[in-house]
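**Student:** sequence first, then the predicted structure:
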Amino acid sequence: MRMISSAEFQRHFGRYQDEAIKAPLAITRNGRERLVLLSVEEYQRMKRRSRQVMGIEDFTPADLDAILQAEPPPEAAAFDHECST
C-alpha cells in the first residue's frame, strides 16, 4: 500500500482522491500510519464481508453433520505442511 504524509495529502487532495479509487492509500503523520483512504466500493465490499460471520448456533444439526463428514479434495494435501499436528 502506498504511503503518503498528511502534509502531502493536504497539498494534493484531488490527486490522492483519484489514486484511492484505484488502490487504498495510507496517510502518515510523523512517519506512522494513521489513516487509510479507499474507494466507497472497497469500503462497501469490506463491510459486506464482515457480516458473513456465523456462530455455531446458526448451524442446523444437518449442517454440523455434513461438516463432520466432509473430506478435503486430494489437491488440499499440498497444504498439509501448514497445519500443526
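**Tutor:** Nice, thanks for sending it over.
**Student:** ok, and the closest non-adjacent residue to Ile67?
**Tutor:** Phe59 (7.6 Å; CB to CB, 6 or more residues apart in numbering). C-beta: built from backbone N, CA, C; applies to glycine.
**Student:** quick check: Leu33 touching Ala26?
**Tutor:** To be clear, residue 33 is Glu; Leu isn't right here. Yes: contact criterion CB atoms under 8 Å: Glu33 and Ala26 qualify, at 4.7 Å.
**Student:** may I have the helix or strand of the chain with the lowest mean pLDDT as PDB, with CA atoms only?
**Tutor:** One helix or strand of the chain scores below all others by mean pLDDT, DSSP states H and E: helix 40-50, with a mean of 86. Output of helix 40-50 as PDB, limited to C-alpha atoms (Å, rounded to 0.1, in the frame of the first residue of the first chain):
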ATOM      1  CA  VAL A  40     -16.500   3.600  -1.500                       C
ATOM      2  CA  GLU A  41     -16.700   0.400  -3.400                       C
ATOM      3  CA  GLU A  42     -13.800  -1.200  -1.500                       C
ATOM      4  CA  TYR A  43     -15.300   0.000   1.800                       C
ATOM      5  CA  GLN A  44     -18.700  -1.500   1.000                       C
ATOM      6  CA  ARG A  45     -17.000  -4.800  -0.100                       C
ATOM      7  CA  MET A  46     -15.200  -4.900   3.200                       C
ATOM      8  CA  LYS A  47     -18.400  -4.200   5.200                       C
ATOM      9  CA  ARG A  48     -20.300  -6.900   3.400                       C
ATOM     10  CA  ARG A  49     -17.600  -9.400   4.100                       C
ATOM     11  CA  SER A  50     -17.500  -8.600   7.800                       C
END
